[in-house]
Each structure stands twice: as C-alpha cells, then as structure tokens.
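# build the 3D model from these lines:
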Amino acid sequence: MYRTCAGSVARGLPETANMSILTPDPAPFDDLIAQARAEGHTGFADRLDDLLHHTAWTTGSELLGELGLAIRKFQRTRPRLSPGLRQLLRDCLRSTRRGSSASPLPQDGAHLQGNLRAKGSRWRVIVMAAVLVGAVLGLRYWLAYHRPIGTGPAGPPVPAEPFGHAWDMEPVLLLGLGDSVTAGLGAAWGYSYFARLADNPADEFADMRGRCLRRVFPSLSTLNLAVSGSTSPQHAQKQIPRIPRQGRETLGWVVMTTGGNDLIHNYGRGPIEEGALYGATYEQARPCVSSFESRLGRMLDAVDERFPGGCHIFLANIYDPTDAVGDLQHAMASLPPWPDAVRSLSAYNEAIGRCASRRPNVHLVDMRAAFLGHGIHCSEFWGRHYQRKDPTYWYFDNLEDPNQRGYDAIRRLFLLEMIEVARGHGGSLRAPAAAKVGGR
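As a prediction, this is how the structure comes out:
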C-alpha cells in the first residue's frame with residue numbers, strides 16, 4: 001500500500017544524497033472515497049479527497065497521520081456502513097498505522113582506512129593536530145545538530161488566581177481557525193494547544209492543573225475549523241464561510257494561526273506565487289505581503305460579524321524554526337537555501353501586528369518571540385537566542401509544526417494573553433474595552 005518516490009522531495013540535491021520518501025498508494029484510499037460517496041457519506045469523502053489530492057505535504061507520514069485522524073473521527077460518529085465500506089475503512093486505517101516516511105541521511109563516504117606509522121616527532125605532531133581538529137569539528141557538528149526535546153512543562157508560568165472565578169456565565173464558543181498549528185498536527189489526541197485551552201488532560205502538569213477555559217467559562221463549547229496544510233487564501237475561501245452565525249447570547253473566543261504555510265509552501269519546488277513564497281526575494285514577496293495583510297483584515301472583520309454578541313480574537317504571529325538565522329537548508333535536507341527568509345517572515349509578522357493593532361478586540365499572541373532559541377540552533381550556547389534554562393527543541397519532525405512540548409508552550413502564551421484581556425475588560429468581556437490591552 002506504499003510506494004517510493006525518489007527525488008520528489010529531494011529535487012536539486014546531489015545524487016549522492018540518495019533521498020527517498022515512502023508515500024501511500026492512493027488507490028485504496030480512492031476506493032474508500034468512492035464507496036463512501038456511494039453510501040451517502042459525502043462530507044467524509046470530500047475530506048479524504050482534499051487531504052489526498054489537494055493539499056501539499058512535507059512527508060508521507062504527515063499525510064498518513066491526517067488520513068488516519070480523519071478515518072478515526074468518522075468512525076466515532078458510528079455511521080451506518082455496508083460490510084464492504086467497513087472493511088475498506090479497516091484496511092486504510094491499518095495502512096496509516098503501518099506507514100512511515102524515511103529520509104536516509106547522506107552517506108559521508110568511506111572512512112579513511114589504514115595504519116599511520118609515526119616516523120619521528122614530526123608525524124606525532126601531525127597526528128595530534130589532526131585528532132584535535134577532528135575533536136573540535138565533531139563538537140561543533142554535535143552542538144549544531146543535537147536537538148534535545150526534553151521532558152516536562154514548557155513555556156512561561158501561568159498564574160492560578162485568574163482561574164478561581166468565572167469570567168462569563170453566558171454561552172461562550174471557543175473557535176479555532178487557520179493551519180496545522182491550530183489543527184494540532186504533531187500532538188497526541190487531546191494535547192494540542194486548542195484542546196488544552198479548553199480542558200486539562202488527565203495527566204496535566206502540576207503547575208497547570210485547573211488552568212483552562214472551562215474553569216472560567218462554565219457554558220463553554222468548542223469548534224475547531226483549522227485544517228493542516230492550509231494557506232491564508234484557503235482560510236478566507238473555505239474556513240471563514242463555515243463559521244456559524246451565533247446568537248447575541250454567545251461570546252466568541254477565537255484563536256487563529258495563519259500565514260506560516262504561505263511562506264513555507266511549496267518548499268522551493270514550484271513557481272513563486274500567492275500562498276507559496278518559499279525562495280522568493282524580498283521584492284517578490286512584498287506584493288504578497290500586502291495582499292496577505294488585506295486578506296487577513298477582511299477575515300478578522302468577517303469573524304467579528306459572525307458574533308453579534310461580541311467576540312475576542314487571539315491572533316498568533318509566525319515562529320522561526322531557524323532561531324532568526326535563516327538557514328532553512330540546515331533544518332531539512334530537502335529544503336534549498338532561501339536568502340530572504342528572515343526578511344520575508346518579518347514582513348508577514350509585521351502585517352499580522354498591524355492588523356491586530358487596528359482592532360480593539362484582536363489580541364496579538366507573540367509566538368515568534370517565545371520560540372526563539374527552541375529551533376534548530378537550540379544547543380548552540382553561543383547563539384544570541386540561546387535559552388539557558390530550557391535549551392530544547394520545540395518543533396515536530398516536519399519542522400513546520402510544534403512538538404508536544406511546543407504545544408504546551410503555545411497553550412500558555414494564549415492563556416496569558418486571555419488573562420490580560422479578562423483583566424482589561426473588568427466586569428464584562430462583552431463590552432468593548434476602553435483601549436487595547438497592554439497598549440497594543
């Protein structure tokens with residue numbers, strides 16, 4: 001049920017790299033899509049078709065993970081199924097569990113063989129110098145590519161006091177919008193930042209027990225419309241129209257991550273265009289930044305319109321897995337160099353900041369600043385953003401998404417901003433604030 005695609009991700013690399021990626025054979029999944037449609041399960045079929053044929057993926061394992069998640073979610077609805085469809089579901093789900101992606105590291109070549117016969121002191125000095133240089137280079141390589149993930153809590157502390165009383169007793173909808181960061185790719189079930197904002201998991205860290213939105217919003221409901229791999233044009237076209245219009249009794253509590261995939265897609269393997277800027281010069285990126293800012297403003301206004309009873313939108317900016325160095329080619333073997341990466345990312349983040357600053361109910365969550373020092377250079381103690389107290393890597397295998405500790409940190413960043421908003425609004429979160437919280 002799998003096939004090897006040599007060179008599809010590693011295009012532009014030397015042949016000695018010998019890269020290969022295992023990807024799923026689409027035929028069994030296409031059979032499942034056709035049978036599901038035939039039995040009236042069109043929503044499920046459309047979701048699989050979108051994942052399989054209309055979304056860009058970094059690795060085969062990322063695609064398989066999302067396919068498996070969609071199938072399990074469909075099974076939990078307990079639909080009426082024919083025996084044939086039930087068997088197709090089992091077969092495809094089993095294949096997502098067995099599947100994996102492999103990217104063998106390039107071979108460095110044959111090791112130097114043979115014996116060095118030292119003749120006199122000159123040769124001993126040469127050998128000792130070579131050993132010393134090798135040790136220094138080896139240490140430098142280890143520090144540059146050693147990326148410990150660590151264990152335990154990650155991110156800033158969250159105070160307990162604000163969660164000792166309700167912030168609002170009326171209905172509140174926690175709404176998720178955007179890309180895979182809000183969708184939760186890379187996190188175990190129930191451990192995405194969105195899930196942990198709403199409820200603490202059973203094995204919650206001691207310093208976060210009781211610190212969740214359900215403690216302060218007794219009538220909380222949740223809806224997560226975020227989709228992995230999606231770009232900001234897709235958010236505007238597909239997600240915003242799906243937001244149900246709420247009654248005046250419901251307060252909107254919206255979390256959103258957008259723009260990151262606009263920059264990383266299509267990994268330098270296609271033309272530079274709106275929603276696929278990887279490799280662009282800053283001059284090429286500028287008109288796309290302007291379009292992104294306009295589109296984001298329209299999306300924020302459209303979200304506001306869906307909540308006549310009022311809403312607060314918590315908008316995160318985009319983190320930098322290179323810790324502001326910009327050497328994406330050292331992050332993954334399949335990525336080519338992008339000289340203007342940091343400058344383009346900064347332009348997108350500035351656009352996000354401007355959109356938030358213009359709207360009193362939109363609150364910026366500074367994800368970029370919190371993640372500096374937790375990217376691919378996290379072990380480099382000489383680096384400008386080295387985090388001495390927690391020099392660990394907060395990103396998932398695909399580089400684009402957080403790992404589970406990264407999601408813990410993001411959850412804390414959102415909660416801290418939400419606490420500031422609740423304090424700034426005093427008696428009612430539904431009444432407009434006198435000024436932007438924290439001066440933003």
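# please make it C-alpha for all contacts and neighbour counts, starting now.
Noted.
# and for A324, nearest residue in space, chain neighbours not counted?
Nearest non-adjacent residue to A324, counting by Cα to Cα, 6 or more residues apart in numbering: V342, 6.4 Å away.
# what residues are up against the one you found?
The contact partners of V342, taken as Cα atoms under 8 Å, 6 or more residues apart in numbering, are 320, 324-326.
# E420 and I352, how far apart?
Applying Cα to Cα, to the nearest Å, the value for E420 to I352 is 19 Å.
# who's more crowded, those two?
Each of E420 and I352 has its neighbours counted (other Cα atoms under 10 Å); I352 has more, 23 against 14.
# which element is that one on?
Applying DSSP states H and E as the criterion places I352 in helix 341-357.
# how far does stretch 150-157 stretch from one end to the other?
Distance across stretch 150-157, first residue to last, is 17 Å (Cα to Cα).
# run a quick neighbour tally on M128.
Quick note: M128 (other Cα under 10 Å) scores 11 neighbours.
# strand partners of the next helix or strand after the helix holding I352, parallel vs antiparallel please.
Counting by DSSP H and E, the element after helix 341-357 in chain order, helix or strand, is strand 362-365. Here strand 362-365 is paired, per DSSP bridges, with strand 311-316 (parallel).
# tilt between the partner strand and helix 341-357?
In terms of direction (axes from the mean of the first three to the mean of the last three Cα atoms, to 10 degrees), strand 311-316 departs from helix 341-357 by 170 degrees.
# and strand 311-316, which residues are buried?
Across strand 311-316, burial judged by 16 or more other Cα atoms under 10 Å covers 311-316.
# same question, stretch 206-224
Within stretch 206-224, the residues that qualify as buried are 208, 210-217, 220, 224, counting by 16+ other Cα under 10 Å.
# helices - which of those residues land there?
Among the buried residues of stretch 206-224, the members found in helices (DSSP state H) are 213-216.
# just send the residues you listed back as CSV, with pLDDT too.
Shown next, in CSV, are these (pLDDT from 0 to 100):
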residue, pLDDT
L213, 98
R214, 98
R215, 97
V216, 97
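# out of the buried residues of stretch 206-224, flag the one nearest to R196.
Proximity of those to R196, judged by Cα to Cα, is greatest for C212, which lies at 7.0 Å.
# on that earlier part again, tell me which of the buried residues of stretch 206-224 is nearest to H165?
V216 (6.2 Å).
# any low-confidence regions in the stretch 201-350 of the chain?
Applying pLDDT under 70 to the stretch 201-350 of the chain flags the ranges 333.
# would you map the helices across it?
For the stretch 201-350 of the chain, the helices defined by DSSP state H, counting those that start in this stretch cover 213-216, 232-234, 260-264, 282-305, 341-357.
# again with the stretch 1-150 of the chain
Using DSSP H, counting those that start in this stretch, helices in the stretch 1-150 of the chain cover 26-38, 42-53, 60-76, 83-98, 120-145.
# so for T59, what's the pLDDT?
pLDDT recorded at T59 is 71.
# next one: G427
The model's pLDDT for G427 equals 65.
# over to Y145?
At Y145, the model reports a pLDDT of 58.
# buried residues in whichever helix or strand E420 is part of?
Assigned by DSSP H and E, E420 belongs to helix 404-424. Buried positions in helix 404-424, judged by neighbour count with 16+ other Cα under 10 Å: 404-418, 421-422, 424.
# and the contacts of V342, which are buried?
320, 324, 326.
# tell me the contacts of the first one?
Residues near D320 by Cα under 8 Å, 6+ apart: 342, 345, 368, 371-372, 375.
# again, only this time at 7 Å
Shown in contact with D320 (Cα atoms under 7 Å, 6 or more residues apart in numbering): R368.
# let me see the backbone angles for it.
Reported as degrees, to the nearest 10, the phi and psi values for D320 are phi -120, psi 100.
# gap between it and G326?
Separation of D320 from G326 (Cα to Cα): 8 Å.
# all strands in the stretch 151-300 of the chain, in order from the N-terminus.
Along the stretch 151-300 of the chain, the segments classed as strands by DSSP state E, counting those that start in this stretch run 172-178, 220-224, 251-257.
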